[in-house]
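Based on what follows, work out the 3D shape:
(chains A and B)
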Amino acid sequence: MGNAHTLLAIKDLTIHYVTDDGSVHAVNHVSFALEKGKTLGLVGETGAGKTTIALGIIGLIPNPPGKIIGGAIELNGENLIGKRESVMRRIRGKKISMIFQDPMTALNPIDTVGEQIAEVLLLHEKVSQAEARIKAIEVLERVGISGERYDEYPHQFSGGMKQRVVIAIALACNPELLIADEPTTALDVTIQAQVLAMMNRLKHELNTSMIMITHDLGIVSEMCDQVAVIYAGEIVESGNLVHIFDETSHPYAKGLFNSLPSVAAAANRNRLVPIPGLMPDPTNLPAGCRFSPRCPLKEEHCERVAQDLVEISPGHMVRCWKWDRG
Amino acid sequence: MAPLLEVHELKKYFKTPYGLLHAVDGVSLTLEKGKTLGVVGESGCGKTTLGRVILHLLDSTGGRICFEGEDITTVSRAKLRALREKMQIIFQDPFSSLNPRQTISQTIGEPLIIKGGLSREQVSRRVGQLMETVGLAERLVNAYPHELDGGRRQRVGVARALALNPQFVVCDEPVSALDVSIQAQIINLMLDLQEQLGLSYIFITHDLSVVRFISHDILVMYLGMMIERAASKELFEYPLHPYTKALLAAVPEPDIHHQRQKLLLQGELSSPINPLPGCRFAPRCPHAKEICSQAQPEWKEVRPEHCVACHCVKEINGL
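Numbering: from 1, shown residues only, chains lettered A, B, ... in the order given. Down below sits the predicted model:
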């Protein structure tokens, strides 16, 4: 961490939501680093805290009820936590952009798509209205939409095309960091393939670093360099693709892979191997290891003592003391 | 023995202000007892409409539906009611398909009460049995849907569908709204129930890995038309239609060593309203020739039990 190529370093980030029913520990002591031009996949199921991490980075945690309890978010060595809102506004859309899951609700229905792209440019760059229009048309064409559609409204676009517009807005100012929160979950597979291929191409052209939030391990294998598997607000395993896909070590990560309907399983119509039980209630997390109530390797020690992330081989971190067993 | 369900040239058109929308256009299929037919396609291909027309939740525009050898294309209300006991549906979204003001036992017991003829105790005993069958804890009997997570809600949907001992269930994207670890639980449940009760499923989904896992046969649809049908294994090993090939290639594989060659399709679904003559996939097809936009391709058996509708299937596949 902290070498010359590190763009983003998250250190010990902890985010809680304070509600009437208690404090929701959404993100707990999460640390990771992202190098320039690389893509990190954040993988986990609903409620794991993936989106909260993303909103924390871009400074959009709704407060109240959300609150960053501690840690640091360093972009190019500069901590973003505690920055004034006016400063964050200059960073958002310029240095860090975000693509949301649902393109149907991410666009303003009463502005043309062109205006929505030009808006970002007018806010962040010293350009005139006319220049912004020209630049916005360029950006539209970069994501594979004809510039002639500048004056059309979001409802005139299909879901895949809307997501391209959202990506165009996010990339208009060549941000250093792009956070994509389940960018293709709402799209059909053939359209998903188009959008992912386009994102990969643009990422390389612009040398953008990316955080890819997804629950789909297939997308991770195609898009990411590094992976962090999140469970109940904690990183349970992180590493490069080989670490996560070939040397899977945490019982939860293994469980995720086993739950997938694989080719081999389909051939014999075997039963799938689901992870028993459910994600713990985030207002009432289990003591000790958070995965222990669902874990096949659980021992008494696991229920008492919280586990640390341990480096089991260079760059491969696992939060389980029994990682080499089972 | 006659198949459980036979559908012949089924059509469903919707009138819209812009013209006739061809949601389902000439789909034929058969389903044997105890088997699963997967229906695959992207949004707007007509797969949900197909399921609903078969169940008479929508009226068909043309074609024939036979259930247990009997023509049920048009039936009286009384007859329909009797049929509904045998054919049920599980919906996609367990968050909107349950009545928020009914408890779990009311939801599962409602079909039994509508059918009539059971005492209160008999109904509650049957509800208890059903909850056990689908793996819902007894303590949830008076819980409301908002108290349950997605996986449990979908179990309630399954229990409700099974209440009247149906033979045939249309499963419309039953696991799409669920996380993978929970999805696996529900898929296992559906396989177990099929074995125990001899159920037949039409399994509608856009998720190819799930459909490969659960189906015996697969039907691929595109813009209301069927374009390819084969046994599950055959289809995944020898996809013949260019759309099926692209669809299979588009799925990101969770495997870093075997990345499939990407076959990117250009463009998007064209409009199902007043569709042009010819193959509906032609505007996006990398192999399209002149004939493809002029005449509808014939539905023909190209390999044993493997049917395709494509003009160029022979050239593309070197058959």
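
got the residue ranges for the strands in chain B?
Remark: strands assigned in chain B by DSSP state E are B:5-16, B:19-31, B:36-40, B:62-67, B:70-71, B:87-90, B:168-172, B:200-205, B:217-222, B:225-231, B:299-303, B:306-309.

Specify the beta-bridge partners of the closest residue to A:V310 other than its chain neighbours.
Counting by C-beta to C-beta, 6 or more residues apart in numbering or on different chains, A:V318 is the residue found nearest to A:V310 once chain neighbours are left out, at 5.9 Å. Any C-beta I mention is one placed from the backbone N, CA and C, and that applies to glycine too. For A:V318, the beta-bridge partners are A:E237, A:V310 (DSSP bridges).

Distance of A:V318 relative to A:S221?
19 Å (C-beta to C-beta, to the nearest Å).

and if you look at B:W299?
36 Å.

what is the mean pLDDT for stretch B:44-61?
The average pLDDT within stretch B:44-61 is 93.

does A:I117 really touch A:A172, like I thought?
Yes - the criterion here is C-beta atoms under 8 Å, and A:I117 meets it with A:A172 at 5.4 Å.

where do the contact lists of the two overlap?
A:A136, A:V139 (C-beta atoms under 8 Å, 6 or more residues apart in numbering or on different chains).

Least confident secondary structure element in chain A?
helix A:263-268 (a mean of 64; mean pLDDT, DSSP states H and E).

Neighbour count for B:W299 and A:S221, which is higher?
With neighbours defined as other C-beta atoms under 10 Å in any protein chain shown, B:W299 and A:S221 compare such that A:S221 has more, 21 against 16.

how much space is there between the residue nearest to the more buried one when sequence neighbours are not counted and A:Y231?
Spatial nearest neighbour of A:S221, excluding adjacent residues (C-beta to C-beta, 6+ apart): B:I256 at 4.9 Å. According to C-beta to C-beta, B:I256 stands 21 Å off from A:Y231.

Of those two, which one has the most company?
Applying other C-beta under 10 Å to B:I256 and A:Y231 shows that A:Y231 carries more neighbours, namely 27 against 17.

Enumerate every residue touching the residue of chain A found nearest chain B.
Using C-beta to the nearest C-beta, the closest approach of chain A to chain B is made by A:G218 at 3.1 Å. Contacts for A:G218 (C-beta under 8 Å, 6+ apart) come out as B:V251, B:P252, B:E253, B:P254.

among those residues, who's most crowded?
So for the contacts of A:G218 (other C-beta under 10 Å), the most neighbours sit at B:P252, 22 neighbours.

Report the secondary structure state of the residue nearest to that one when sequence neighbours are not counted.
Take B:P252 and drop its neighbours on the chain: the residue closest to it by C-beta to C-beta, 6+ apart is A:G218, 3.1 Å away. At A:G218 the chain is in helix, as set by DSSP: H, G, I helix; E, B strand; the rest coil.

Give me the pLDDT value at A:G218.
Predicted confidence (pLDDT) for A:G218: 91.

next one: the one 3 residues further on
Per-residue confidence for A:S221 comes out at a pLDDT of 93.

the helices in chain A, which residues?
Here chain A has its helices, by DSSP state H, at A:50-58, A:85-91, A:103-106, A:113-124, A:129-142, A:159-171, A:189-206, A:217-223, A:241-245, A:251-259, A:263-268, A:300-304.

let me redo that: chain B
Under the criterion DSSP H, chain B carries helices at the ranges B:47-54, B:77-86, B:104-115, B:120-134, B:150-162, B:180-197, B:208-214, B:232-237, B:242-250, B:313-317.

Contacts for the third one, please.
Defining contact as C-beta under 8 Å, 6+ apart, one finds that helix B:104-115 is touched by B:85, B:98-99, B:102, B:118, B:123-124, B:126-127, B:130-131, B:136, B:140-145, B:148, B:156, B:159-160, B:163-164.

let's see 6 Å
B:98, B:118, B:123, B:126-127, B:130, B:140-141, B:143, B:156, B:159-160, B:163-164 (C-beta atoms under 6 Å, 6 or more residues apart in numbering or on different chains).

try the first one
Helix B:47-54 is contacted by residues B:12, B:23-24, B:27, B:39, B:41, B:58, B:60, B:170, B:172, B:202, B:204, B:221 when judged by C-beta under 6 Å, 6+ apart.

Tell me which two of these sit farthest apart.
Distances among the contacts of helix B:47-54 were taken as C-beta to C-beta; the most separated pair is B:G41 and B:S60, at 18.7 Å.

quick one, which of these two is more surrounded?
B:G41 (26 against 21).

Can you tell me the closest non-neighbouring residue to that one?
B:M221 is the one closest to B:G41 (C-beta to C-beta, 6+ apart), at 3.8 Å.

and chain B, which of its residues are near chain A?
Neighbours of chain A within chain B, by C-beta under 6 Å from any C-beta of the partner chain: B:42-43, B:149, B:179-181, B:184-185, B:187-188, B:209-210, B:212-213, B:246, B:250-254, B:256, B:264-265, B:268.

Could you turn the buried ones of the residues you listed into a ChimeraX selection?
Of the residues of chain B next to chain A, the buried ones go into a single ChimeraX selection, burial set by 16 or more other C-beta atoms under 10 Å in any protein chain shown:
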select /B:42,179,180,181,184,185,187,188,209,210,212,213,246,250,251,252,253,254,256,265,268
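
spatially speaking, which residue is in the middle of the chain?
Just so you know, I chose chain A. The residue lying closest to the centre of chain A (C-alpha atoms, centre = their mean) is A:I213, at 2.7 Å.

hmm, I had chain B in mind actually
Note: chain B centre (C-alpha atoms, centre = their mean) maps to B:I204, 2.4 Å.
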